[in-house]
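# return a 3D structure for these sequence lines:
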Amino acid sequence: MSLKGKTAVITGSNSGIGLGIARELARAGADVVLNSFTDRAEDHELASQLAAEFGVGARYIQADMSKGSECRALIEQAGACDILVNNAGIQHVAPIESFPEEKWDAIIAINMSSAYHTMAAALPKMRAAGWGRIVNIASAHGLTASPYKSAYVAAKHGVVGMTKTVALETAEEPITCNAICPGYVLTPLVEAQIPDTMEKYNMSREDVVKKVMLERQPSREFATVEQMGGTAVFLCSDAAAQITGTTISVDGGWTAL
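Prediction:
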């Protein structure tokens, strides 16, 4: 479908899944607003590259997703916000009794509360425009759990719950709200972990990927950022107009176990 004339705001989008989604939305014709907490020349250059490659409007807006006021300011600075993709997130792994309080607070703020603030700011704009799509990037951990990830699992379950609530609040309007629940996705951050894991376990790259990293992902294959982007574009399409308040798992069968 064509998303020409629509403006998409994607949080946490200067790399990885967020950038992959921004690229596919731009490919579909949407103007895009990239975001992260940094404000580097290369961040703004990413937007310029997307604009040149796909012939769309593109810009970068710095905002710290751990701060509610900056989340809301991002939406206001964007101007239009027809499509909102809440992707920003961080991770920390530790047993709950020794989980650092500051890490808990940061993960809840960035992974969950930021979505509350951006949705609250974006919905009036969508209602005024008479159309809107919200795509929240949750996780397989929004539907199931793993040890030592209490904050991440709590936050992603919260995102799934908020998704359902907003979908019900907008059910009679031309606005949808859904969550994508990825398993392991091959991003630059994940790719960078492979050599160290190979050395730690004295394994080949293939064995590290299949036996360590993708142990819980039955397909034994990473999802790609392009697949995340394609799923997001589908959720913005007319074909998905009656899909709201649900989760779409892109996890190689993880949550089927």
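# make it CA atoms for all contacts and neighbour counts henceforth
Noted.
# so which residue is dead centre in this protein?
Closest residue to the average C-alpha location of the chain: Asn87 at 2.4 Å, with CA atoms, centre = their mean.
# is that one in contact with Ile137, as I believe?
Yes - at 5.1 Å, Asn87 and Ile137 qualify as touching, with contact defined as CA atoms under 8 Å.
# what strand or helix carries the closest residue to Arg205 other than its chain neighbours?
Nearest non-adjacent residue to Arg205, counting by CA to CA, 6 or more residues apart in numbering: Met198, 6.2 Å away. Assigned by DSSP states H and E, Met198 belongs to helix 188-201.
# what helices and strands are in contact with the very next helix or strand once past that helix?
Moving toward the C-terminus from helix 188-201, the next helix or strand (DSSP H and E) is helix 205-207. Packing partners of helix 205-207 (3 or more CA pairs under 8 Å, 6 or more residues apart in numbering; DSSP states H and E): helix 188-201.
# looking at the protein, which helix or strand is least sure?
helix 188-201 (a mean of 90; mean pLDDT, DSSP states H and E).
# buried residues in it, which are they?
Ile194, Thr197, Met198 (16 or more other CA atoms under 10 Å).
# same thing with stretch 46-54?
Neighbour-count burial for stretch 46-54 flags Leu46, Ala47, Ser48, Leu50, Ala51, Phe54 (criterion: 16+ other CA under 10 Å).
# model confidence over stretch 242-257, on average?
Confidence for stretch 242-257, expressed as mean pLDDT, is 97.
# check which residues of that stretch are buried.
Buried residues in stretch 242-257, counted by 16+ other CA under 10 Å: Thr244, Gly245, Thr246, Thr247, Ile248, Ser249, Val250, Asp251, Gly252, Trp254, Thr255.
# do a quick rundown of the helices in the stretch 1-150 of the chain.
Assigned by DSSP state H, counting those that start in this stretch, the helices in the stretch 1-150 of the chain fall at 16-27, 41-54, 68-78, 101-108, 114-129, 150-169.
# so for Tyr184, which of these sits nearest?
helix 16-27 (10.8 Å; CA to CA).
# off-centre distance for the closest one?
Mean-position distance between helix 16-27 and its chain equals 10 Å (CA atoms, centre = their mean, to the nearest Å).
# next, the angle from it to helix 188-201.
Following axes from the mean of the first three to the mean of the last three CA atoms, to 10 degrees, one obtains 150 degrees for the angle between helix 16-27 and helix 188-201.
# so what secondary structure elements neighbour helix 16-27?
Other helices and strands packing on helix 16-27, by 3+ CA pairs under 8 Å, 6+ apart, are strand 7-10, strand 31-36, helix 41-54, helix 225-235.
# let's have these in TSV, adding mean pLDDT.
TSV is the format used below for the helices and strands packed on helix 16-27 (pLDDT from 0 to 100):
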stretch	mean pLDDT
strand 7-10	99
strand 31-36	98
helix 41-54	98
helix 225-235	98
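# of the ones you listed, which is nearest Ile75?
Closest among the helices and strands packed on helix 16-27, using CA to CA: strand 7-10, at 7.6 Å.
# next, the spatially most distant residue from the centre of the chain: phi, psi?
What lies farthest from the middle of the chain is Asn202; by CA atoms, centre = their mean that is 33.0 Å. For Asn202, the backbone dihedrals are phi 50, psi 50 (criterion: degrees, to the nearest 10).
# how about Gly12?
Dihedral angles phi and psi of Gly12 (degrees, to the nearest 10) take the values phi 60, psi 50.
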